[in-house]
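S.K.: Next comes the sequence, and after it the predicted model I'd like to discuss.
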Amino acid sequence: MPYRDGGPRFLGPQMTLPLRMRREGAQLIHGPANALPLLPVGLPGVVTIHDLAIYDHPEWFPAGQWFATRVVVPQSARRARVIICPSEATKRATVRIFRVDPDRCRVIPHGVETEFSLPLSTEIRAEVTARYALPPRYLLQVGTVQPRKNYVTSLRALKRIPLAQRIPLVVVGGFGWKYDAVVEAVRDLELRDWVRFVGYAGMPDLPALYQMAQAVVFPSLDEGFGLPVLEAFAAGTPVAASNAGAIPEVAGPAALLCRPDDDESLAQNLLRLMTDSQLRERQIAAGRARAALYTWSASAAAHRAVYEAVVTG
């Protein structure tokens, strides 16, 4: 059963919660977000490590995470009976950074919600268009505005697209941290009329935002999985992305990939998706087929198999 953190900010999740789980007869502890409780209570542990980019590039992240990165996460990786990773890329990083036995790691990919692939009514499309003041045609990038999502390269690519073929970029995601370079790029590249920051969007708006986009842009500098790529695939929207982290592993041949710093190639990939109808249809079909491989039911079954092996082993 799921347990919520209870009690004081530190003592609750690290001490009070595991003691309660032991008292109530839990057979194992699963830390689904990179961490197990620091207090050992005699229960076997499973930890999910989603992403370790902060170890190689701390400059992409907010300060003040020393205790988590240097104490909690490493100790969790050492203590866990099984480490679940969403991708082979994250597994390799886990083995390299924490020097754990690869046999202790299980790769269990995420799934993608079926809502992204369901056809939307004209009414819903109209409502979402009005709510976000969407232009008739647009490119879409989804993710918090922060260094790792590499919005500056998206903006440079947008500037390279000739005016006659350029369409606006709609950004779905709040401003997170260290986003000054993005704001400066919009100004310096003279793209104020070509970029719309609409903030966070959740269900049911997100599927419509994907489905109505001409293409999804995802030039991230690193990803432990890259869920927006799958969401776009399921929505039937072609993708131009980077070849960094787990993105090539998740996307396969269904996205047009380039180096994350190559704004010229990104611009060309976007132009091809917007102007080559045959390529566009091939990529859309490949994306839908790719998304069908990633289901939450398969992910849940694989998690259950890990739990059973830990409890009985």
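M.R.: Perfect, thanks for sending it.
S.K.: what's around residue 45, how many residues?
M.R.: By other CB atoms under 10 Å, 20 other residues sit near residue 45. Backbone N, C-alpha and C define where each C-beta goes, glycine included.
S.K.: likewise residue 36?
M.R.: Neighbours of residue 36 (other CB under 10 Å): 24.
S.K.: I'd like to know how far the residue found closest to it once you drop the neighbours it is linked to in the chain sits from residue 265.
M.R.: The shortest distance from residue 36 to any non-neighbouring residue, by CB to CB, 6 or more residues apart in numbering, is to residue 76 (4.2 Å). Separation of residue 76 from residue 265 (CB to CB, to the nearest Å): 38 Å.
S.K.: related to what we said a few turns ago, for the residue nearest to residue 36, which three-state class applies?
M.R.: The local conformation at residue 76, judged by DSSP: H, G, I helix; E, B strand; the rest coil, is helix.
S.K.: okay, now it: neighbour count?
M.R.: 23.
S.K.: Touching, it and residue 32? I think so.
M.R.: No: Residue 76 is beyond contact range of residue 32, at 11.3 Å (criterion: CB atoms under 8 Å).
S.K.: Need the residues touching each of the two.
M.R.: Here residue 76 and residue 32 have no joint contacts, going by CB atoms under 8 Å, 6 or more residues apart in numbering.
S.K.: Show me which positions of the longest helix seen in the chain end up buried.
M.R.: Within the chain, and with DSSP state H defining each element, the longest helix by residue count is helix 296-312. The neighbour-count check on helix 296-312 (16 or more other CB atoms under 10 Å) flags 299, 303, 306, 310 as buried.
S.K.: Let me have those residues in TSV, adding distance to residue 80 as columns.
M.R.: Output for those, formatted as TSV (distance: CB to CB, whole Å):
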residue	distance to residue 80
299	18
303	14
306	11
310	9
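S.K.: Nearest residue to residue 128 in space, please, no chain neighbours.
M.R.: residue 208 (4.0 Å).
S.K.: mind listing what the one you found touches?
M.R.: 120, 124, 125, 128.
S.K.: per-residue confidence at the last one?
M.R.: Here the pLDDT value assigned to residue 128 is 97.
S.K.: any idea which element it lies in?
M.R.: helix 122-132 (DSSP states H and E).
S.K.: avg pLDDT for stretch 76-87?
M.R.: Mean predicted lDDT for stretch 76-87 stands at 97.
S.K.: now stretch 38-48
M.R.: In the prediction, stretch 38-48 has an average pLDDT of 87.
S.K.: Can you give me the end-to-end span of it?
M.R.: End-to-end span of stretch 38-48 (CA to CA, to the nearest Å): 15 Å.
S.K.: low pLDDT regions in the chain?
M.R.: Low-confidence segments of the chain (pLDDT under 70): 1-16.
S.K.: Show me how it divides into domains.
M.R.: What automatic domain parsing lists as the domains of the chain is 11-111+296-312, 114-291.
S.K.: Of these, flag the one that's most buried.
M.R.: Mean neighbours per residue, mean count of other CB atoms under 10 Å, is largest over these for domain 114-291, with a mean of 19.
S.K.: can you give me the strands for this structure?
M.R.: 29-31, 45-48, 82-85, 105-107, 139-142, 169-172, 195-199, 215-218, 239-242, 256-258 (DSSP state E).
S.K.: Provide the strand pairings for the first one, with the direction of each partner.
M.R.: The reference is to strand 29-31. Neighbouring strands of strand 29-31 in its sheet, by DSSP bridges, are strand 45-48 (parallel).
S.K.: And the contacts of the partner strand?
M.R.: With contact meaning CB under 8 Å, 6+ apart, strand 45-48 is reached by 28-36, 76-77, 79-86, 306-307, 310.
S.K.: And the helix holding residue 128, what does it pack against?
M.R.: helix 205-211 (3 or more CB pairs under 8 Å, 6 or more residues apart in numbering; DSSP states H and E).
S.K.: chain center to the helix it packs on, what's the gap?
M.R.: 16 Å (CA atoms, centre = their mean, to the nearest Å).
S.K.: Dump that helix to CSV, restricted to CA.
M.R.: The C-alpha atoms that make up helix 205-211 are tabulated as CSV, following Å, rounded to 0.1, in the frame of the first residue of the first chain:
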residue,chain,number,x,y,z
ASP,A,205,-5.5,19.9,-21.8
LEU,A,206,-2.1,18.2,-22.5
PRO,A,207,-3.3,15.6,-25.0
ALA,A,208,-5.0,18.3,-27.0
LEU,A,209,-1.9,20.5,-27.0
TYR,A,210,0.2,17.6,-28.3
GLN,A,211,-2.4,16.5,-30.9
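S.K.: how close does residue 23 get to residue 32?
M.R.: Residue 23 is 21 Å from residue 32, where distance means CB to CB.
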